[in-house]
Structures are given as C-alpha cells and as structure tokens.
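1. Predicted model and sequence below, questions to follow.
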Amino acid sequence: MAGPAIRASGLEKRFGDVRAVQGIDIEVSEGELFGFLGPNGAGKTTTMSMLTGLSRPDAGSIVIGGIDCSRNPKAAQHLTGVVSDESNLYPELSGFDNLCFSGALYGMRREARRRRASELLDMFGLGEASSRKFSGYSKGMKRRLVIAAAIMHRPPLLFLDEPTSGIDVESSRMIRQLLSLLHREGVTIFLTTHFIGEAERLCDRIAFIAGGRIVRTDTVERLLQPVQGRHVLTVSLSGGCTVPLGDLERAFPGLDFYLPAPDELRVESGEPLKAGSLVRFLEERGVEVEEARKRVLSLEDVFVEITGIGAGSMLKEKERGRRQ
Amino acid sequence: MKTWIAFWGIVRKDMTAYYLKPPNVSWGLLFPLAWTGMFFIRSGQGIHSLLSVLPGMIALSILFGTSSMLAVAVTFEKKAKAFDRLLLSPIPLVLLMLAKTSGAILFGMFNALVPVLLGFWFADLSGADWRMVVPAVLLMAVVSTYLSLLLAILATEVFEVQTLSNFVRFPMIFLCGLFFPVTALPGFLQPVSFMLPLTYGVDILHAAIHGEQLLPSALDFAALAGFCLLLFVLCLRSINRHWIG
C-alpha cells in the first residue's frame, strides 16, 4: 500500500434530519492498530460503513491504501477484510464451506481456499467443528469464524466492528490474542469498540468519537498521561455528605475531594489511598457510608473527561453487550 | 478471472444453500405437476386441450419458480447482514446481481421443464417451435427473477416480500393471457395486460406451441428483452440507492 492505510477527511453522513457523522478526519498508518471508541449511536458503525464501502459519505473523501474510494466505494475492497458487528455467515453452510465461500468472493482458487480454510480453522481453535453447520456454533465460535472469514484472503487492512461484544471470556481472550498476532504480522487494524479496557490493551492509537465527531485522537500513552499514577476512592453515601469538603481537606492533607453527586464522594491522590481512616472520620461525624471502592484511574476516566459521557452509560452498554 | 471465481462461488453457494434443498426441489416438481393436472382436468376438453393449457403452465412454473426463493433468500440475507459480505467483496455490482439471480433463473427454467415433459408424455408437441420456446422461457425467467429481486430490495422483512410478491404474481396469472386470451378481458383491463412482461412471453409460447398469436413474435421478444433490461437497471439503481446508501 502506498501512503497511509486509511486517510479520510471531512466525512459526513446524514440519515434524514440526524447528522450521524459530522466532519470526521482519520489517518491510520500502515501496520497500526487503531481504536475507534465511543458509545452506541456515536457514529462508529456509520464511519466504518463508509470506510469499507458499504455506504457513501454525503461529504468528504476516503483514500484506502492509496486508492481514492470517495466516488467508487468498491475501488479498494480487495485490500480490506471486514468483521461486522453481527456474526453474518451462512447458517446452512459448514464452517469450512463458509470460509471457502469467503475465499471465493475474493477470487481465491479452489486449492488455495481449501488450504487456507483448514489453516485458519486450526488457528482459531475450530478444527474439530469444521464440518459442523455454522448455525450449530456457539456465539464465541461464530465470532471466531467471522474473523477467520475476514482474513481468508490475507487482507493488509482489517476492519473490526465490536469483535468481542456479547461473547464468552475465553473467546474474547482468544480474539484479542489473534488481533495482537495479526498486528505483529503487520496487518493494519481498525477496531471499533465500546470496551475501553480492550482498546487500552490492544491499540497503538485511539480516537474518541461522540455525537458524530472525533473529540480526541492520540496514542494510548499520551491519553493516559494525565491520569498516570492517580488513585481514586469512590465513597457511596446513603444520606449525602454533611461534612464540608474544607474539613475533609484539612483532616487529610494531600488528598483532593470532589462531590460528583449528592450521595457520592470522590477522593483523588497521587499516592495509594487508604479507605479505613476516611470512612471512620465520616462515620464519626454522622455520615452513613454504604460502600468505598478504590481504583487506579484508567482510559475510561480519560474518555469520560474528554467526551463528557458518563462512565455509567458505557457500563450499561457493556452490560447490554454481555447479555446479547 | 478472479471475479468469475466469485461469480461461480455465489451461484454454487445459492444452489447448495437454497435451490437444491429437498423441500425446494420437491416443491419445484410438485407445484407445476399439480397446477397442470388441475387446469387440464378443469378444461374438460380431452387430451388435446393440453397444448392450449401448456403455455400458461410453463409461465406459471417460471413465475413461481423464480420468485418463490430468491426474494425470500435475499431479504433474509440482507436482514442477517450476510448480504453485506457480498457487497463488501470486490465484485462489481453488475456481476454480483447476475450471480445472485442466476440460481433463480436456472431454477425457474428447471420448473418450466416439468409441464414441458408432461406435454411430451401426454400430447403431441412435434409441431412446437423450440427455437422460440427456449429463448422465451429464458427471457421470462430473467424478467420474473428481476421483478422478484426488485421487490426484495424494496422490502425489509421476509413477510413483506412474500406479501408484495403475491400482490404482483397472482394478478399476473389472470392478466397476462396464461389461461384465457388477453382479448377476453374487459376493455379497461387490457392496457394493464400490455404493461406486464409476462403477457409477451406467454404470447410467444402460445404461438410456438399451438399457433395462436396476438402480437408478432419479434415485437413480443423485443418487449420482453426491453422489460429485462429495464428491470435490471431498476434493480441496479435500487441496490445502489437502498443498500449502498
């Protein structure tokens, strides 16, 4: 591929009155694992549809592997593999036949498809289920086969839409390992997800998208820099905090106190926090403490700070994803 | 070469996954058999009347053979996002459409064979002009298939496409001269008949099998080919508009 693997500028997409994507610019280098993070409805899938040729942008330009796809969405499809957010293989065909069919769609000859399909089935731990119909696969197995189908023709650029959403822990881990392997082999990966931890672990760079706009793009290290080494203690209170924050700051110097909600006290520090003394201090002053939770600040906090979208909504989506 | 591998891949997959499934094959055999038998008995004019029923039976078998599975399969694939796999592959849209419809066209032609074989068995088809029958059957299968694809593009649910198909198919049985001439229809309905592609195909079959003809065959073929082209272009534009929005 010549130049960046993906270069999109000024992408816009409307659905009726809704502006799903509003002037998005993306540049992904060759061999990079690029994360595209945002809540449901943020414009992730719409952006990916435009980049992969499933939909046309209303405005803006797309260049994939040096090929301008702005007018002809199919121009660079031979360079890409796409994993949709749904397990969209053919239920009536076996795992092996599904892979062979995917290979045929990219012009692979019979022997080459059969060899590659067997190789991938083994690589994805599906060798024993190769002759079983796709409809009989578990959710995790289906996701793995969908990814295998996307890389049948060895594309230099792989798009994945929520690859680990709604599947078991073991399959998720296997998929993450496979993505790392493909990344090491030099495949450019464009990953959309709302699992922030997954993006933090896998990606070189991340773009945060909210309300159809990219609000920040940076390397994981740089995104994490402001919260590096910051410790947080979240104290849930049943009747609100009746102790003034000033009293708390005097009693515990070096700690920062916030009240993000009437029944929640947030404490931040550059040092590991001890919950016991603070809880005792509050209870002695008549404040009823329900729960105190310690954690280290993560990319999720960065996301919340940058996008203004509450971690709660992301967590709800995670739960929804797990239930699916 | 690479795109042809994809083309045959799609045709083979559709044949395996849909058209050559035992329920579909048995339906493809039983449906024309049952209808031919029914119309033959109903006509009550003896074995020779089979020749006048045959063009309508061939048309009916093609119409239902092409439309029954394709529309449902495409709507189902679109809903399950399996069709996106085809749209995401580097196959030109025209070739993709040809591949996706080839199975239905072949299946429709296979269905048409059933009443033809019955005709061979029970009647004298020595006077039939096969040089007209074969291309007419092919064009009728193509036109029915693209009509069915167009309905599939407009629908989002399987039940929607089934309903739409019935609204299109059943009136055509009565309006296109399958079992009684278009001229026997009330005057206000006759222009509608000539707006439907099947009318021209059935007219060719009537001419080729028992010599009765409404329009010159050249005009019938031209109209049928025109409908094929029109529906192909409409399908292509609709896919571009609805599915690659």
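-> Right, received. Where do you want to start?

2. which regions of the stretch 151-300 of chain A sit below the pLDDT cut-off?
-> The stretch 151-300 of chain A contains no residues with pLDDT under 70.

3. the strands in it, which residues?
-> Assigned by DSSP state E, counting those that start in this stretch, the strands in the stretch 151-300 of chain A fall at A:157-161, A:188-193, A:205-210, A:213-219, A:231-237, A:256-261, A:264-269, A:289-296.

4. In TSV: those, plus distance to chain B and mean neighbour count.
-> For the C-beta atoms, the positions are set from N, CA and C on the backbone; glycine is no exception. Supplementary listing: those in TSV, determined by distance: least, CB to the nearest CB, whole Å; neighbours: other CB atoms under 10 Å in any protein chain shown:
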stretch	distance to chain B	mean neighbour count
strand A:157-161	9	23
strand A:188-193	14	25
strand A:205-210	20	23
strand A:213-219	21	17
strand A:231-237	40	19
strand A:256-261	40	14
strand A:264-269	41	18
strand A:289-296	37	13
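
5. quick one, which of those is nearest to A:Asp68?
-> Minimum separation from A:Asp68 across those (CB to CB) falls at strand A:157-161, 15.2 Å.

6. ok now that closest one, how far from the chain's centre?
-> Taking CA atoms, centre = their mean, to the nearest Å, one finds the center of strand A:157-161 at 11 Å from the center of the full chain.

7. Residue ranges in the stretch 1-150 of chain A under the pLDDT threshold?
-> In the prediction, the stretch 1-150 of chain A carries residues with pLDDT under 70 at positions A:1-2.

8. Which parts of it are strands?
-> Secondary structure of the stretch 1-150 of chain A, counting by DSSP E, counting those that start in this stretch: strands at A:6-15, A:18-28, A:33-37, A:59-64, A:67-68, A:80-83.

9. could those be laid out in a markdown table, adding mean neighbour count and distance to A:Arg250?
-> Rendered in a markdown table, the data for those read as follows (neighbours: other CB atoms under 10 Å in any protein chain shown; distance: least, CB to CB, whole Å):
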| stretch | mean neighbour count | distance to A:Arg250 |
| --- | --- | --- |
| strand A:6-15 | 18 | 52 |
| strand A:18-28 | 18 | 47 |
| strand A:33-37 | 26 | 39 |
| strand A:59-64 | 19 | 55 |
| strand A:67-68 | 14 | 63 |
| strand A:80-83 | 26 | 55 |
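
10. From the chain's centroid, how far away is the helix or strand of chain B with the lowest mean pLDDT?
-> For chain B, scoring each helix and strand by mean pLDDT, DSSP states H and E identifies helix B:22-43 as the least confident one, at a mean of 76. The chain centre lies 16 Å from the centre of helix B:22-43; the measure is CA atoms, centre = their mean.

11. do the same with stretch A:122-136
-> How far stretch A:122-136 lies from its chain's middle: 26 Å, per CA atoms, centre = their mean.

12. May I have it exported as PDB, CA atoms only?
-> As requested, C-alpha coordinates have been extracted for stretch A:122-136 and formatted as PDB (Å, rounded to 0.1, in the frame of the first residue of the first chain):
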ATOM      1  CA  ASP A 122      -6.900 -24.800  13.300                       C
ATOM      2  CA  MET A 123      -5.500 -21.400  14.100                       C
ATOM      3  CA  PHE A 124      -8.900 -20.300  15.500                       C
ATOM      4  CA  GLY A 125      -9.400 -23.500  17.500                       C
ATOM      5  CA  LEU A 126     -12.300 -24.600  15.300                       C
ATOM      6  CA  GLY A 127     -10.700 -27.500  13.500                       C
ATOM      7  CA  GLU A 128     -12.900 -30.100  15.200                       C
ATOM      8  CA  ALA A 129     -16.100 -28.100  14.200                       C
ATOM      9  CA  SER A 130     -15.100 -27.500  10.600                       C
ATOM     10  CA  SER A 131     -17.800 -29.700   9.100                       C
ATOM     11  CA  ARG A 132     -20.500 -28.600  11.600                       C
ATOM     12  CA  LYS A 133     -23.100 -26.100  10.300                       C
ATOM     13  CA  PHE A 134     -22.500 -22.500  11.300                       C
ATOM     14  CA  SER A 135     -25.900 -22.400  12.900                       C
ATOM     15  CA  GLY A 136     -24.700 -25.000  15.400                       C
END
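
13. In which helix or strand does B:Gly201 reside?
-> Using DSSP states H and E, B:Gly201 sits within helix B:197-210.

14. Next SSE downstream of that helix?
-> Scanning forward in sequence from helix B:197-210, with DSSP H and E defining helices and strands, the next element found is helix B:217-238.

15. Now do the buried residues in that following helix.
-> When neighbours are counted by 16 or more other CB atoms under 10 Å in any protein chain shown, the buried residues of helix B:217-238 are found to be B:217, B:220-221, B:223-225, B:227-228, B:231-232, B:235-236.

16. And those, which is closest to chain A?
-> Taking CB to the nearest CB as the measure, chain A lies nearest B:Leu236 of the buried residues of helix B:217-238, at 13.2 Å.
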